[in-house]
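Chemist: no sequence for this one, just the structure:
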């Protein structure tokens with residue numbers, strides 16, 4: 001009788017232990033893990049899969065008229081982008097530079113690329129992001145988010161936007 005009880009207890013105990021095995025150490029038991037091969041110690045949702053970033057909100061980096069130098073007031077947005085890159089192990093970052101509609105399209109195209117490059121330089125030099133994962137491109141004044149009719153509207157168009165993949 002004692003032997004049967006020990007056998008029964010060990011069977012119950014071993015099956016409950018197996019139910020909570022977590023091979024990829026993501027905090028979700030293998031039995032319920034929809035993504036069983038997640039990289040070790042990666043933050044996941046309740047189903048064991050990484051959250052898709054989808055549309056991640058990082059404020060654009062804004063610039064003064066005709067300038068490509070990043071303003072000190074814009075550094076918190078770059079720091080937020082860096083934190084997202086680091087926390088989510090992002091492997092592809094696109095920086096899209098923009099201008100308002102003042103000046104020639106050729107000048108604006110060049111300025112928009114310089115703005116994106118300035119943000120890239122900060123990410124690489126100050127935050128040690130690999131330069132090879134950052135792509136810069138310039139849209140010039142072709143993709144405004146505001147009307148360009150007022151000084152405030154034009155200020156909103158002088159920006160660099162982040163795109164993460």
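Modeler: The structure has been received and is ready for your questions. If you're wondering where the values come from, they're calculated on a predicted model, not measured in any experiment. Residues are numbered from 1 along each chain as shown.
Chemist: Give me the helices and strands touching the longest helix seen in the chain, please.
Modeler: Taking DSSP state H as the criterion, the chain has its longest helix at helix 105-127. Under the contact criterion of 3 or more C-beta pairs under 8 Å, 6 or more residues apart in numbering; DSSP states H and E, helix 105-127 touches helix 75-88, strand 93-97, strand 134-138, strand 159-164. In this view, the C-beta of every residue, glycine as well, is placed from N, C-alpha and C.
Chemist: chain center to it: distance?
Modeler: Per C-alpha atoms, centre = their mean, to the nearest Å, the displacement of helix 105-127 from the mean C-alpha position of its chain is 18 Å.
Chemist: got a list of contacts for it?
Modeler: For helix 105-127, the surrounding residues in contact (C-beta atoms under 8 Å, 6 or more residues apart in numbering) are 61, 63, 66, 68-70, 75, 78-79, 81-82, 85, 93, 95-101, 103, 129-131, 134, 136-142, 158-160.
Chemist: Of all the helices and strands packed on helix 105-127, which one comes closest to residue 33?
Modeler: Residue 33 sits nearest to helix 75-88 of all the helices and strands packed on helix 105-127, at 19.4 Å, using C-beta to C-beta.
Chemist: least reliable of the helices and strands packed on helix 105-127 going by mean pLDDT?
Modeler: Least confident of those, judged by mean pLDDT, is helix 75-88 with a mean of 88.
Chemist: what angle separates that one from strand 134-138?
Modeler: Relative orientation of helix 75-88 versus strand 134-138 (axes from the mean of the first three to the mean of the last three C-alpha atoms, to 10 degrees): 140 degrees.
Chemist: Mind putting the helices and strands packed on helix 105-127 into TSV with mean neighbour count and distance to residue 115?
Modeler: Shown next, in TSV, are the helices and strands packed on helix 105-127 (neighbours: other C-beta atoms under 10 Å; distance: least, C-beta to C-beta, whole Å):
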stretch	mean neighbour count	distance to residue 115
helix 75-88	16	12
strand 93-97	22	4
strand 134-138	18	7
strand 159-164	21	5
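Chemist: show me what contacts residue 161?
Modeler: Per C-beta under 8 Å, 6+ apart, neighbours of residue 161: 60, 95, 96, 98.
Chemist: What of residue 100?
Modeler: Per C-beta under 8 Å, 6+ apart, neighbours of residue 100: 65, 108, 141, 144, 148, 154, 155, 157, 158.
Chemist: Also residue 68?
Modeler: 111, 114, 115, 117, 118.
Chemist: The same query, at a cut-off of 10 Å, please.
Modeler: Counting by C-beta atoms under 10 Å, 6 or more residues apart in numbering, residue 68 makes contact with 97, 99, 110-119, 158, 160.
Chemist: Right, I'll call it a day here.
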